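# below: sequence and its predicted model.
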Amino acid sequence: MPTTYIITVKKGESKDEVKEHVEQSGGKITHDYTLIHAFAAEFPDDAVTTFQDHPKVEAWERDQVVTTQ
């Protein structure tokens, strides 16, 4: 079952290039954020580790529900 992650791209780097890498790695873009330099993508469980050392990725984390209270 795929898991969704939020991938934040380093400032000044091409988000499109990272998104292309996601798709080549078997991922699927599920949302493209406009207020932050990031996007959400679904990955098979064995594919997301390719972003651990990606030079254009600032951070990646599992998508989850966030509340304020």
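Received it, and whenever you're ready, just let me know what you need. Everything numeric here is computed off the predicted structure, so don't read it as measured data.

# strand partners (parallel or antiparallel) of the lowest-mean-pLDDT helix or strand in the chain?
Lowest by mean pLDDT, DSSP states H and E among the helices and strands of the chain is strand 57-62, with a mean of 89. Counting by DSSP bridges, the strands paired with strand 57-62 are strand 3-9 (antiparallel).

# quick one: the very next helix or strand once past the strand it pairs with to strand 3-9, angle?
Downstream of strand 3-9, the first helix or strand assigned by DSSP states H and E is helix 15-24. Using axes from the mean of the first three to the mean of the last three CA atoms, to 10 degrees, the inter-axis angle of helix 15-24 relative to strand 3-9 is 150 degrees.

# can you name the element that comes right after helix 15-24?
Per DSSP H and E, the first helix or strand lying C-terminal to helix 15-24 is strand 28-32.

# for the chain, give me the ranges with low pLDDT.
For the chain, residues meeting the criterion pLDDT under 70 lie at 1, 46-50.

# which residues touch the residue sitting furthest away from the middle of the chain?
The C-alpha centroid of the chain is most remote from Gln69, which lies 26.4 Å away (CA atoms, centre = their mean). Gln69 makes contact with no residue, according to CB atoms under 8 Å, 6 or more residues apart in numbering. For the C-beta atoms, the positions are set from N, CA and C on the backbone; glycine is no exception.

# against Ala41, how distant is it?
29 Å (CB to CB, to the nearest Å).

# what do you get for Lys56?
For Lys56 relative to Ala41 (CB to CB), the value is 14 Å.

# and these two? Which one has more around it.
Between Lys56 and Ala41, counted using other CB atoms under 10 Å, the more crowded position is Ala41 (26 against 15).

# contact partners for that one?
Residues counted as contacts of Ala41 (CB under 8 Å, 6+ apart) are Thr4, Tyr5, Ile7, Lys19, Val22, Gly27, Lys28, Ile29, Thr30.

# quickly check those residues for the two that are furthest apart.
The largest separation in the contacts of Ala41, counting by CB to CB, is between Thr4 and Lys19 at 14.4 Å.
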